[in-house]
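Chemist: Got a sequence here, can you build the structure:
(2 chains)
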2 protein chains.
Amino acid sequence: MLSKNLDKFIRSLHQAKYRDQQQLFLAEGPKIVKELLHSSYQIKILLALEEWISAHKSLVPREVELIPIKQNELDRISALQTPNSVIAVVHMGKKTPSGQVPENDLFIALDGIRDPGNLGTIIRTADWFGISGIICSPDCVDLFNPKVVQATMGSIARVRVDYMNLAELFQAKPAGLPIYGAVLDGVNLFEQPLVPRGYLVIGSESHGISGDLLPFITHLISIPSYSKGKNRSAESLNASVATAILCAEFRRRSK
Amino acid sequence: MLSKNLDKFIRSLHQAKYRDQQQLFLAEGPKIVKELLHSSYQIKILLALEEWISAHKSLVPREVELIPIKQNELDRISALQTPNSVIAVVHMGKKTPSGQVPENDLFIALDGIRDPGNLGTIIRTADWFGISGIICSPDCVDLFNPKVVQATMGSIARVRVDYMNLAELFQAKPAGLPIYGAVLDGVNLFEQPLVPRGYLVIGSESHGISGDLLPFITHLISIPSYSKGKNRSAESLNASVATAILCAEFRRRSK
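Modeler: Down below sits the predicted model:
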């Protein structure tokens, strides 16, 4: 049974303001919860249907508060359109600057990605391609937005995501380290020499890479369009799709 | 001003049942509406804010009913979370089987794609890469779902999408035509010979390619993972991301 207070508390975590205040976020669905149980994230509360509990009880550490709920209660507190079996209330964990310098690694830098599905999908893709970390500009969507968490499909448990001023980051980068930027009028990706280190910058869904970051880009690259018709083709690719094609190409080259 | 009847009518088109009945769908936002105005789709009604009308009136053919509305009316009738300036009510157009046989072209076949964002993004990606058409299994999400239309970013106006039984389609295909299938344990994409013709089959978000289609697949291919950690990586890629990486690789090879 869900108390009124707990109901209200969970639903408050749909909002960034209360997530920040409490340093807690929600993660929903058996897949993501399972990944988080195996990660360094600490789960505070699990609210789950009886079926989930009887199948997964042995996985739940003793310090986690496990609360059985009914389907209608799940539907009410979920932040998703199709709630699924279990909701975790998770500690954000301490955010210390990672101090990583990508001298031997490729990092993704996201400049103003606003769509939660895009950020979540980029995190999932980065996990698949072994990207060391993601740096978000401060105006990117909140990592702990329930739709971001959902779209990562559990990869949030494995990919490091930091928020920082990208201009300052690039200013302080070691000399000679490449900064690749995805743009619409750059060098053909398939003809551009690529080394798997430095930063790959992806601009916002509506404005691309912001003007104050462009001077830092050492290699402007474009995914070529192969549209055949006399009509114009799509003006651009979705940001998470572009990121994925670029990551795949970086990895293909450095096999 | 929006009459009560028109308000109700527009909102009924949020549902597939009424879209089918009326053979009409909604398309929202200046970008998509502009693309549709330049396409073979016929727009029946445009409901728009005064700003949009004064900037775009010259583009609107005389036979289109143009109705000025206020922001609060737009918010009420929109199917989107962030309505934007204009909503079009569009005729679906006659669906005759395309009769195209992909002997010299690559087609995408989608098997049970349920997420509207994924279908829309795949259509946008297909447009970018000059894919001749998309064949959806009947259990894919409805092409005219407002979230699909939105995610295509206008590419719905240019990419042919048909719904048909994929097993029947593959049974009738010319001998020797390849059917590539994206799976998790196939041949490494980057080591698989590819010819840009036939079908590329993408399975559903949760179950992959269905068992009854697998016997038709002539080439099982996988996007390799490059995850470095000791922890497991992402179990799979998002369906629209996988489609995009595959399309890019097909196009790179046939340059």
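
Chemist: Name the residues of chain A found near chain B, please.
Modeler: Taking CB under 8 Å from any CB of the partner chain as the contact definition, chain A meets chain B at A:38-39, A:117, A:121, A:124-125, A:127-130, A:151, A:153-155, A:158, A:190, A:223-229, A:231, A:233-238, A:240-241, A:244-245, A:248-249, A:251-252, A:255. Heads up, the C-betas are built off the backbone N, CA and C, glycines and all.

Chemist: and residue A:14, what are its phi and psi?
Modeler: Residue A:14 adopts backbone torsions of phi -70, psi -20, taken as degrees, to the nearest 10.

Chemist: and the residues of chain A next to chain B, which are buried?
Modeler: In the residues of chain A next to chain B, burial by neighbour count holds for A:39, A:117, A:121, A:124-125, A:127-130, A:151, A:153-155, A:158, A:190, A:223-227, A:233-234, A:236-238, A:240-241, A:244-245, A:248-249, A:251-252, counting by 16 or more other CB atoms under 10 Å in any protein chain shown.

Chemist: Looking at these, which are in helices?
Modeler: Using DSSP state H to define helices, the subset of those located there is A:117, A:121, A:124-125, A:127-128, A:151, A:240-241, A:244-245, A:248-249, A:251-252.

Chemist: contact partners of the biggest strand by length in chain A?
Modeler: When chain A is parsed with DSSP state E, its longest strand is strand A:179-188. Outside strand A:179-188, the residues within contact range by CB atoms under 8 Å, 6 or more residues apart in numbering or on different chains are A:109, A:170, A:173, A:192, A:194, A:198-203, A:208-209, A:213-214, A:216-224, A:235-236, A:242-243, A:246.

Chemist: if I look at residue A:172, how far off is residue A:133?
Modeler: Applying CB to CB, to the nearest Å, the value for residue A:172 to residue A:133 is 16 Å.

Chemist: pLDDT on stretch A:7-19, on average?
Modeler: Mean pLDDT, stretch A:7-19: 96.

Chemist: Equivalent analysis for stretch A:91-110, please.
Modeler: The pLDDT scores in stretch A:91-110 average 78.

Chemist: Residue A:143: what's it in contact with?
Modeler: Listed by CB under 8 Å, 6+ apart, the contact partners of residue A:143 are A:119, A:136, A:149, A:156, A:161, A:163.

Chemist: now the helices: where do they sit in the stretch 1-150 of chain A?
Modeler: For the stretch 1-150 of chain A, applying DSSP state H, counting those that start in this stretch gives helices covering A:4-12, A:16-22, A:30-37, A:50-56, A:71-77, A:116-128, A:146-152.

Chemist: Among the ones you listed, which comes closest to residue A:65?
Modeler: helix A:4-12 (9.8 Å; CB to CB).

Chemist: Now tell me what touches the closest one from outside.
Modeler: So helix A:4-12 is contacted by A:18, A:22, A:26, A:47, A:67, A:73, A:76-77, A:87, A:89 (CB under 8 Å, 6+ apart).

Chemist: pLDDT below threshold where in chain A?
Modeler: Chain A contains residues with pLDDT under 70 at A:94-102, A:228-232, A:255.

Chemist: mind redoing it with 80?
Modeler: Where chain A drops to pLDDT under 80, the residues are A:1, A:94-103, A:228-234, A:255.

Chemist: I figured residue A:24 was touching residue A:13, is that so?
Modeler: Yes: counting by CB atoms under 8 Å, residue A:24 touches residue A:13, with 6.0 Å between them.

Chemist: any common contacting residues for these two?
Modeler: In contact with both residue A:24 and residue A:13: residue A:89, using CB under 8 Å, 6+ apart.

Chemist: farthest pair in the contacts of helix A:4-12?
Modeler: Greatest spatial distance among those (CB to CB): A:22 and A:73, at 20.2 Å.

Chemist: Comparing the two, which residue is more hemmed in?
Modeler: Neighbour count, other CB atoms under 10 Å in any protein chain shown: between residue A:22 and residue A:73, residue A:73 has more, with 20 against 15.

Chemist: now the more buried one, nearest residue through space, not along the chain?
Modeler: Closest residue to residue A:73 apart from its sequence neighbours, by CB to CB, 6 or more residues apart in numbering or on different chains: residue A:2 at 4.5 Å.

Chemist: Of the contacts of strand A:179-188, grab the buried ones for ChimeraX.
Modeler: Listed next is the ChimeraX selection for buried residues among the contacts of strand A:179-188, using 16+ other CB under 10 Å:
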select /A:109,170,173,194,198,199,200,201,202,203,208,209,213,216,217,219,220,221,222,223,224,236,242,243,246
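
Chemist: Which of the contacts of strand A:179-188 fall within strands?
Modeler: A:109, A:198-202, A:219-222.

Chemist: and residue A:213, what does it touch?
Modeler: So residue A:213 contacts A:111, A:166-167, A:170, A:181, A:201 (CB under 8 Å, 6+ apart).

Chemist: which of the contacts of helix A:4-12 has the most neighbours?
Modeler: Greatest neighbour count in the contacts of helix A:4-12, by other CB under 10 Å, goes to residue A:87: 28 neighbours.

Chemist: Quick check: the gap between it and chain B.
Modeler: Per CB to the nearest CB, to the nearest Å, residue A:87 is found 19 Å from chain B.

Chemist: Could you double-check that that residue lies in contact with residue A:77?
Modeler: Yes: the pair formed by residue A:87 and residue A:77 meets the contact definition of CB under 8 Å, at 6.5 Å.

Chemist: who touches both of those two?
Modeler: A:10, A:47.

Chemist: picking up where we left off before, identify the farthest-apart pair in the contacts of residue A:213.
Modeler: A:167 and A:181 (13.1 Å).

Chemist: the more surrounded of those two?
Modeler: Applying other CB under 10 Å to residue A:167 and residue A:181 shows that residue A:181 carries more neighbours, namely 23 against 15.

Chemist: Chain neighbours aside, what residue packs nearest to the more buried one?
Modeler: Per CB to CB, 6+ apart, closest to residue A:181 is residue A:217, 3.7 Å.

Chemist: One more: residue A:52?
Modeler: residue A:85 (4.3 Å).

Chemist: Contact partners for residue A:19?
Modeler: Residues near residue A:19 by CB under 8 Å, 6+ apart: A:13, A:25, A:92, A:142, A:144.

Chemist: try residue A:60
Modeler: For residue A:60, the contacting residues are A:37, A:46, A:66, by CB under 8 Å, 6+ apart.

Chemist: Torsion angles phi and psi at it?
Modeler: Here residue A:60 shows phi and psi, under degrees, to the nearest 10, equal to phi -90, psi 120.

Chemist: Against residue B:36, how distant is it?
Modeler: Per CB to CB, residue A:60 is found 51 Å from residue B:36.

Chemist: Let me see the contact set for residue A:44.
Modeler: When contacts are counted by CB under 8 Å, 6+ apart, residue A:44 touches A:24, A:64-65, A:89-91.

Chemist: Just confirm the residue nearest to residue A:181 contacts residue A:201, I think it does.
Modeler: Yes: with contacts counted by CB under 8 Å, residue A:217 reaches residue A:201, the gap being 6.4 Å.

Chemist: Spit out the residues that contact those two alike.
Modeler: Contacts common to residue A:217 and residue A:201, judged by CB under 8 Å, 6+ apart, are A:179-181, A:209.

Chemist: Turn these into CSV, columns for distance to residue A:6.
Modeler: Below are the shared contacts of residue A:217 and residue A:201 laid out as CSV (distance: CB to CB, whole Å):
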residue, distance to residue A:6
A:179, 46
A:180, 47
A:181, 46
A:209, 43
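
Chemist: Go through these and name the one nearest residue A:81.
Modeler: Using CB to CB, the shared contacts of residue A:217 and residue A:201 come closest to residue A:81 at residue A:209, 32.1 Å.
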